[in-house]
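Engineer: Predicted model and sequence follow; I will ask about them next.
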Amino acid sequence: MPNIWNLTGKDLSAATRFVLETTPTWAAEQRLVARLWVTGNVSAVRFGSPGVVDPTSVFAYSSGALDLTTTWPLQVRATGQGDFSVGRELNLTVTVRGQVTGPRSSGLLYLSFETKPTDYEVVSSTGGDNPWGLANVWNLTGRDLSGDETFRITVTPRFSGNRIPFDLRVWSPRASWSSVRFSPDGTIQNLDSVFLWADVTVDFAIT
Amino acid sequence: MHLRRSHLALLAALLIVVAGFVGYTELSKPPEGISKGISISTEGSPVVGKDLRFIITVWVPGFTSRALAFLSIDDVHTFEVVAGDIGDDPLELAEHLEPHREGSFGCDSLRP
């Protein structure tokens, strides 16, 4: 596990530095906690989730924390025009702005509109030029996103409520485009095959 | 005269003790900005897709564990570990966890 170091027998009278080289993969406000802990038996150490030590299963000697906010490099917004009612047509305008750089920018870039089929049905879209032939996916590869780029999609609400959500994702395939699979309802089936540059949930009140 | 010599010897001994203490304290002192215990800092950009380095500094005077001792940083699931070294895991604690061999550890003592 890359986030655990063995310090058994190590003299910590001198300040010692441990380094973890990473790439953020999700935008979030989070508190990272580092712990120095001792155990009499490795197999007695429990983990709440992979790599997260259950502090009640060890003797915690010392700890330190860091509050960190990670952000998406792209800003994605959506506005709706039309009839916000079940069975009627709703025109969505999606705006993408920002810049994708760094070691993970593979070159291919896509935007997808994803929702439960019970919430919205895609009627049509503009510029859905993508190898999957899906109306809810746009090819952003090579586009200049430093200004606002807009994309339009028409949907029909299927369910009423105060907050009927859909997701807008901008992503790059980690390997070839064909490694990304979509389910019949147009959502990415294997999210681990993409690197996300933005993931925004938008919800509208539907009557 | 005898009394003076013993005073001088006492003074010299005291000076040696003080010098030794000061020397020990200076050697134990970490670089500026490092506090006792564990601290986490970052270098780089906390933007998705960019390089971000976590630096965990541990300074616990008097801690040399004969039991099994580990340092861990929790909840890094929103980060991909990208560096190349394989960590020091002689007890193969990682065997108890999910396979995740892509990753690295680095360790530098800050004492000159």
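Structural biologist: Structure received.
Engineer: quick one: residue A:192 is in a strand?
Structural biologist: No: looking at residue A:192 with DSSP: H, G, I helix; E, B strand; the rest coil, it is helix, so not inside a strand.
Engineer: Can you name the residues that contact the closest residue to it other than its chain neighbours?
Structural biologist: The shortest distance from residue A:192 to any non-neighbouring residue, by C-beta to C-beta, 6 or more residues apart in numbering or on different chains, is to residue A:174 (7.8 Å). C-beta coordinates here come from the backbone N, C-alpha and C atoms, glycine included. By C-beta atoms under 8 Å, 6 or more residues apart in numbering or on different chains, the contact list for residue A:174 reads A:106, A:192-195.
Engineer: elements contacting the host helix or strand of residue A:68?
Structural biologist: Per DSSP states H and E: residue A:68 is located in strand A:59-70. Where contact means 3 or more C-beta pairs under 8 Å, 6 or more residues apart in numbering or on different chains; DSSP states H and E, strand A:59-70 is packed against strand A:28-39, strand B:37-44, strand B:52-59.
Engineer: hmm, 10 Å instead?
Structural biologist: strand A:28-39, strand B:37-44, strand B:52-59, strand B:68-73 (3 or more C-beta pairs under 10 Å, 6 or more residues apart in numbering or on different chains; DSSP states H and E).
Engineer: Pull up the pairing partners for the longest one, direction included.
Structural biologist: Read it as strand A:28-39. strand A:59-70 (antiparallel), strand B:68-73 (antiparallel) (DSSP bridges).
Engineer: low pLDDT regions in the chain?
Structural biologist: No chain specified, so I'll use chain A. Within chain A, the stretches with pLDDT under 70 are A:103, A:127-128.
Engineer: that's the wrong chain, I meant chain B
Structural biologist: For chain B, the ranges with pLDDT under 70 are B:1-3, B:19-35, B:65, B:83-112.
Engineer: Domain ranges for it, per the record?
Structural biologist: Following automatic domain parsing, one finds the domains of chain B at B:1-30, B:33-107.
Engineer: picking that back up, give the other helices and strands that the helix or strand just after the strand holding residue A:68 contacts.
Structural biologist: With elements assigned by DSSP H and E, the helix or strand that comes after strand A:59-70 is strand A:74-82. Strand A:74-82 sits against strand A:90-98, strand A:110-114, strand A:149-157, strand A:161-173, strand A:194-206, with contacts defined as 3+ C-beta pairs under 10 Å, 6+ apart.
Engineer: Quick check: buried residues in strand A:74-82?
Structural biologist: Neighbour counts over strand A:74-82 (16 or more other C-beta atoms under 10 Å in any protein chain shown) mark A:74, A:76, A:78 as buried.
Engineer: I'd like the strands paired with strand A:28-39 as CSV, with distance to residue B:57 appended.
Structural biologist: Below are those laid out as CSV (distance: least, C-beta to C-beta, whole Å):
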stretch, distance to residue B:57
strand A:59-70, 8
strand B:68-73, 11
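Engineer: out of these, which comes closest to residue A:8?
Structural biologist: strand B:68-73 (5.0 Å; C-beta to C-beta).
Engineer: Just want the angle from that closest one to strand B:37-44.
Structural biologist: Angle between the axes of strand B:68-73 and strand B:37-44 is 40 degrees (criterion: axes from the mean of the first three to the mean of the last three C-alpha atoms, to 10 degrees).
Engineer: between strand B:68-73 and strand B:52-59, how big is the angle?
Structural biologist: Going by the same axes, to 10 degrees, strand B:68-73 makes 140 degrees with strand B:52-59.
Engineer: Which element is encountered next along the chain beyond strand B:68-73?
Structural biologist: Following strand B:68-73 in sequence, per DSSP H and E, is strand B:79-81.
Engineer: Minimum distance to chain B, which residue of chain A gives it?
Structural biologist: residue A:2 (2.6 Å; C-beta to the nearest C-beta).
Engineer: three-state assignment of that residue?
Structural biologist: Quick answer, by three-state DSSP: residue A:2 is coil.
Engineer: got the phi/psi numbers for it?
Structural biologist: phi -70, psi -10 (degrees, to the nearest 10).
Engineer: Distance of it relative to residue B:67?
Structural biologist: 23 Å (C-beta to C-beta, to the nearest Å).
Engineer: of the two, who's got more company?
Structural biologist: Taking other C-beta atoms under 10 Å in any protein chain shown, residue A:2 and residue B:67 do not tie; residue A:2 has more neighbours (26 against 11).
Engineer: Surely residue A:30 and residue B:73 touch.
Structural biologist: No: Residue A:30 lies out of contact with residue B:73 (C-beta atoms under 10 Å); the separation is 11.7 Å.
Engineer: list residues touching both of these two?
Structural biologist: A:66, B:79 (C-beta atoms under 10 Å, 6 or more residues apart in numbering or on different chains).
Engineer: For those two, work out which one has more neighbours and name it.
Structural biologist: Taking neighbours as other C-beta under 10 Å, residue A:30 and residue B:73 compare with residue B:73 leading, 25 against 16.
Engineer: Tell me which of the helices and strands packed on strand A:74-82 sits most buried.
Structural biologist: Of these, the one with the most neighbours on average (mean count of other C-beta atoms under 10 Å in any protein chain shown) is strand A:110-114, at a mean of 23.
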